[in-house]
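J.: Mind folding the following:
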Amino acid sequence: MTEPRDTRIKRMKMRSMRRGIKEMDLILTAYADRNLSLMDEDGLNTYDALLHENDQDLYQWVTGQANPPVQLADLIADIAQTFQK
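T.: The predicted structure is shown next:
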């Protein structure tokens, strides 16, 4: 059974809020609140994949301490830009 779009977005917002480290909670919650409802299906799929990544890796990617995987690079750049504002 396919998950309805609004349920999927709510689930991803909750997963954005409840990470492992507080910094990623704050960064991803702000990003999710601003962007998830505007994303197409491919964007939601990419964001969902990002939510399966380790917080320490995500934090290093968002802060530019390490290079993200190619498939997440554009999304990480967008999150980093939002985070820096």
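J.: pLDDT below threshold where in the chain?
T.: Applying pLDDT under 70 to the chain flags residues 1, 83, 85.
J.: which stretches of it form strands?
T.: Along the chain, no segments are classed as strands by DSSP state E.
J.: which residues of it fall in helices?
T.: 5-17, 22-35, 41-50, 55-62, 73-84 (DSSP state H).
J.: So what angle separates the directions of the last one and helix 22-35?
T.: Regarding helix 73-84 and helix 22-35, their directions subtend 100 degrees when assessed with axes from the mean of the first three to the mean of the last three C-alpha atoms, to 10 degrees.
J.: Return the distance of helix 73-84 from the chain's centre.
T.: How far helix 73-84 lies from its chain's middle: 9 Å, per C-alpha atoms, centre = their mean, to the nearest Å.
J.: Tyr47 is in contact with Met39, correct?
T.: Yes: judged on C-beta atoms under 8 Å, Met39 makes contact with Tyr47 at a distance of 6.7 Å. Using the backbone N, CA and C atoms, a C-beta is placed for each residue, glycine as well.
J.: between the two, which one's more packed in?
T.: Legend: neighbour count by other C-beta atoms under 10 Å for Met39 and Tyr47, higher for Tyr47 (24 against 17).
J.: List the buried residues in stretch 17-25.
T.: By neighbour count on 16 or more other C-beta atoms under 10 Å, the buried set for stretch 17-25 is 19, 24.
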